[in-house]
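> below are the sequence and a predicted model; questions follow.
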Amino acid sequence: MSDPTSARAPLSIGIAGAGVGGLAAAALLAAHGHAVEIFDQFDRPRPVGSGLVIQPVGQRVLRELGCLDTALARGRLLKEILGTSRETGRRVLHARYGSGQDADRGLAIHRAALFDCLLGASAGQGIGISTARRVISREGQRFLFEDGTRSARFDLLVDASGS
(Lines give C-alpha, C1' and ligand atoms only; values in the text may rest on other atoms or scores of the structure.)
Protein backbone atom coordinates (compact mmCIF):
# COMPACT_ATOMS: atom_id res chain seq x y z
CA MET A 1 0.00 0.00 0.00
CA SER A 2 1.24 3.47 -0.72
CA ASP A 3 1.30 6.14 1.94
CA PRO A 4 -0.02 9.51 0.72
CA THR A 5 1.90 11.27 3.52
CA SER A 6 5.26 9.61 2.78
CA ALA A 7 6.66 12.73 1.08
CA ARG A 8 5.90 14.82 4.17
CA ALA A 9 7.50 14.88 7.58
CA PRO A 10 6.33 12.16 9.96
CA LEU A 11 3.14 12.99 11.85
CA SER A 12 2.42 12.56 15.53
CA ILE A 13 -0.82 10.59 15.74
CA GLY A 14 -3.04 9.84 18.73
CA ILE A 15 -5.47 6.95 18.48
CA ALA A 16 -8.41 6.37 20.85
CA GLY A 17 -9.01 2.63 21.14
CA ALA A 18 -6.73 -0.41 21.24
CA GLY A 19 -9.13 -2.75 19.50
CA VAL A 20 -8.73 -4.35 16.09
CA GLY A 21 -9.16 -1.08 14.18
CA GLY A 22 -6.93 1.02 16.43
CA LEU A 23 -4.13 -1.54 16.51
CA ALA A 24 -4.20 -2.10 12.73
CA ALA A 25 -4.21 1.64 12.02
CA ALA A 26 -1.40 2.24 14.52
CA ALA A 27 0.81 -0.52 13.12
CA LEU A 28 0.34 0.67 9.52
CA LEU A 29 0.96 4.32 10.37
CA ALA A 30 4.04 3.49 12.43
CA ALA A 31 5.36 1.28 9.63
CA HIS A 32 5.20 4.35 7.39
CA GLY A 33 7.33 6.35 9.82
CA HIS A 34 4.74 8.18 11.89
CA ALA A 35 4.91 8.50 15.69
CA VAL A 36 1.82 6.82 17.14
CA GLU A 37 0.34 6.59 20.63
CA ILE A 38 -2.79 4.64 21.50
CA PHE A 39 -5.09 5.44 24.43
CA ASP A 40 -7.43 2.72 25.70
CA GLN A 41 -10.05 2.75 28.44
CA PHE A 42 -9.23 -0.72 29.74
CA ASP A 43 -6.50 -1.55 32.26
CA ARG A 44 -4.73 -3.64 29.60
CA PRO A 45 -5.28 -4.16 25.88
CA ARG A 46 -7.63 -7.09 25.30
CA PRO A 47 -10.10 -8.24 22.67
CA VAL A 48 -13.78 -7.42 23.00
CA GLY A 49 -16.34 -9.45 21.08
CA SER A 50 -16.39 -12.79 19.35
CA GLY A 51 -15.75 -13.99 15.83
CA LEU A 52 -15.68 -12.01 12.63
CA VAL A 53 -15.00 -12.42 8.92
CA ILE A 54 -12.09 -10.57 7.36
CA GLN A 55 -12.76 -9.71 3.75
CA PRO A 56 -10.02 -9.98 1.09
CA VAL A 57 -9.08 -6.29 1.37
CA GLY A 58 -8.57 -6.72 5.12
CA GLN A 59 -6.41 -9.74 4.47
CA ARG A 60 -4.17 -7.59 2.26
CA VAL A 61 -3.71 -5.21 5.22
CA LEU A 62 -2.78 -8.16 7.42
CA ARG A 63 -0.26 -9.27 4.79
CA GLU A 64 1.37 -5.83 4.83
CA LEU A 65 1.58 -5.99 8.63
CA GLY A 66 3.15 -9.45 8.53
CA CYS A 67 0.12 -10.98 10.29
CA LEU A 68 -1.65 -12.83 7.49
CA ASP A 69 0.08 -16.21 7.88
CA THR A 70 -0.69 -16.26 11.60
CA ALA A 71 -4.30 -15.25 10.98
CA LEU A 72 -4.70 -17.92 8.29
CA ALA A 73 -3.31 -20.55 10.67
CA ARG A 74 -5.75 -19.50 13.39
CA GLY A 75 -8.81 -18.95 11.19
CA ARG A 76 -10.67 -20.64 8.38
CA LEU A 77 -11.15 -19.55 4.77
CA LEU A 78 -14.77 -19.37 3.60
CA LYS A 79 -16.30 -20.04 0.20
CA GLU A 80 -19.66 -18.54 1.15
CA ILE A 81 -21.65 -17.13 4.05
CA LEU A 82 -25.27 -18.01 4.72
CA GLY A 83 -27.44 -16.25 7.25
CA THR A 84 -31.02 -16.92 8.34
CA SER A 85 -33.43 -15.03 10.52
CA ARG A 86 -33.85 -16.64 13.93
CA GLU A 87 -37.51 -15.52 14.04
CA THR A 88 -38.66 -16.56 10.56
CA GLY A 89 -36.03 -19.05 9.39
CA ARG A 90 -35.80 -17.10 6.12
CA ARG A 91 -32.47 -16.49 4.44
CA VAL A 92 -31.27 -12.93 5.04
CA LEU A 93 -27.73 -13.25 3.72
CA HIS A 94 -26.05 -15.29 1.01
CA ALA A 95 -22.59 -14.10 -0.01
CA ARG A 96 -20.41 -16.20 -2.29
CA TYR A 97 -16.75 -15.58 -2.83
CA GLY A 98 -15.15 -15.97 -6.27
CA SER A 99 -14.96 -19.33 -7.95
CA GLY A 100 -11.68 -20.98 -8.80
CA GLN A 101 -8.77 -22.27 -6.74
CA ASP A 102 -7.04 -18.93 -6.18
CA ALA A 103 -10.20 -16.87 -5.65
CA ASP A 104 -10.32 -14.45 -2.74
CA ARG A 105 -12.09 -15.87 0.28
CA GLY A 106 -13.41 -14.52 3.53
CA LEU A 107 -11.38 -15.42 6.61
CA ALA A 108 -13.42 -16.46 9.64
CA ILE A 109 -11.41 -15.84 12.80
CA HIS A 110 -12.02 -15.33 16.49
CA ARG A 111 -11.46 -11.74 17.55
CA ALA A 112 -8.92 -12.80 20.20
CA ALA A 113 -6.73 -14.51 17.57
CA LEU A 114 -6.83 -11.45 15.32
CA PHE A 115 -6.21 -9.16 18.29
CA ASP A 116 -3.08 -11.10 19.28
CA CYS A 117 -1.68 -10.76 15.74
CA LEU A 118 -2.29 -7.02 15.66
CA LEU A 119 -1.01 -6.41 19.19
CA GLY A 120 2.23 -8.15 18.22
CA ALA A 121 2.52 -6.05 15.05
CA SER A 122 1.99 -2.87 17.09
CA ALA A 123 4.52 -3.87 19.72
CA GLY A 124 7.02 -4.54 16.96
CA GLN A 125 6.63 -0.94 15.80
CA GLY A 126 7.33 0.50 19.26
CA ILE A 127 3.88 2.05 19.59
CA GLY A 128 3.02 3.38 23.03
CA ILE A 129 -0.24 2.19 24.57
CA SER A 130 -1.58 4.17 27.53
CA THR A 131 -4.17 2.15 29.44
CA ALA A 132 -6.98 3.22 31.78
CA ARG A 133 -7.27 6.42 29.69
CA ARG A 134 -10.89 6.70 28.54
CA VAL A 135 -11.17 9.33 25.83
CA ILE A 136 -14.44 11.27 26.11
CA SER A 137 -13.84 14.08 23.63
CA ARG A 138 -11.23 16.16 21.90
CA GLU A 139 -10.11 19.72 22.40
CA GLY A 140 -8.40 20.99 19.30
CA GLN A 141 -5.57 18.56 18.64
CA ARG A 142 -5.67 16.87 22.06
CA PHE A 143 -7.77 14.10 23.55
CA LEU A 144 -9.79 14.90 26.68
CA PHE A 145 -9.87 12.02 29.16
CA GLU A 146 -12.60 11.05 31.61
CA ASP A 147 -10.48 12.23 34.57
CA GLY A 148 -10.34 15.76 33.11
CA THR A 149 -6.74 15.59 31.88
CA ARG A 150 -5.63 16.08 28.29
CA SER A 151 -3.19 14.31 26.02
CA ALA A 152 -0.22 15.91 24.39
CA ARG A 153 -0.92 17.74 21.13
CA PHE A 154 -1.05 15.53 18.02
CA ASP A 155 -1.01 16.34 14.32
CA LEU A 156 -3.84 13.85 13.80
CA LEU A 157 -6.42 12.29 16.11
CA VAL A 158 -8.10 8.98 15.20
CA ASP A 159 -11.22 7.70 16.98
CA ALA A 160 -11.10 3.91 16.84
CA SER A 161 -13.00 3.47 20.10
CA GLY A 162 -15.96 1.79 18.46
CA SER A 163 -18.46 4.06 20.16
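Nice, thanks for sending it over. As the structure is a computational prediction, the values presented were derived from the model and not from experiment.
> quick one: residues contacting the residue found closest to L68 once you drop the neighbours it is linked to in the chain.
In space, and not counting its chain neighbours, L68 is closest to L62: 4.2 Å by CB to CB, 6 or more residues apart in numbering. Placement of C-beta: from N, CA and C, glycine included. Going by CB atoms under 8 Å, 6 or more residues apart in numbering, L62 touches I54, L68, A71, C117.
> the third one touches L107, doesn't it?
Yes: A71 sits in contact with L107 when judged by CB atoms under 8 Å, with a separation of 6.3 Å.
> please report phi then psi for the spatially most central residue of the chain.
Taking CA atoms, centre = their mean, the centroid of the chain lies closest to G21, which sits 2.2 Å from it. Phi and psi for G21, reported as degrees, to the nearest 10, are phi -70, psi -50.
> use 303 as the first number for this chain going forward.
Okay, residue one is now 303; in that scheme the one you just asked about reads as G323.
> next up, the contacts around it.
Contacts of G323 by CB under 8 Å, 6+ apart are A462, G464.
> which stretches of the protein form helices?
Assigned by DSSP state H, the chain shows helices spanning 322-333, 358-367, 370-376, 413-426.
> reformat those as a markdown table; add distance to I315 and mean pLDDT.
Converted to a markdown table, the helices of the chain look like this (distance: least, CB to CB, whole Å; pLDDT from 0 to 100):
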| stretch | distance to I315 | mean pLDDT |
| --- | --- | --- |
| helix 322-333 | 6 | 94 |
| helix 358-367 | 16 | 92 |
| helix 370-376 | 24 | 94 |
| helix 413-426 | 13 | 91 |
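> deepest of the ones you listed, which one?
helix 322-333 (a mean of 22; mean count of other CB atoms under 10 Å).
> which residues of the protein score low on pLDDT?
The chain contains residues with pLDDT under 70 at 303-309, 401-405, 465.
> again, 90 this time
Residues of the chain meeting the criterion pLDDT under 90: 303-311, 345-353, 382-383, 397-406, 425-428, 464-465.
> hmm, V394 and G385 touching each other?
Yes: if you go by CB under 8 Å, G385 and V394 touch, sitting 5.1 Å apart.
> count the neighbours of the residue nearest to S387 when sequence neighbours are not counted for me.
Distances taken as CB to CB, 6+ apart place V394 nearest to S387, at 5.2 Å, with adjacent residues excluded. Counted with other CB atoms under 10 Å, the neighbours of V394 add up to 10.
> repeat that for Y399.
16.
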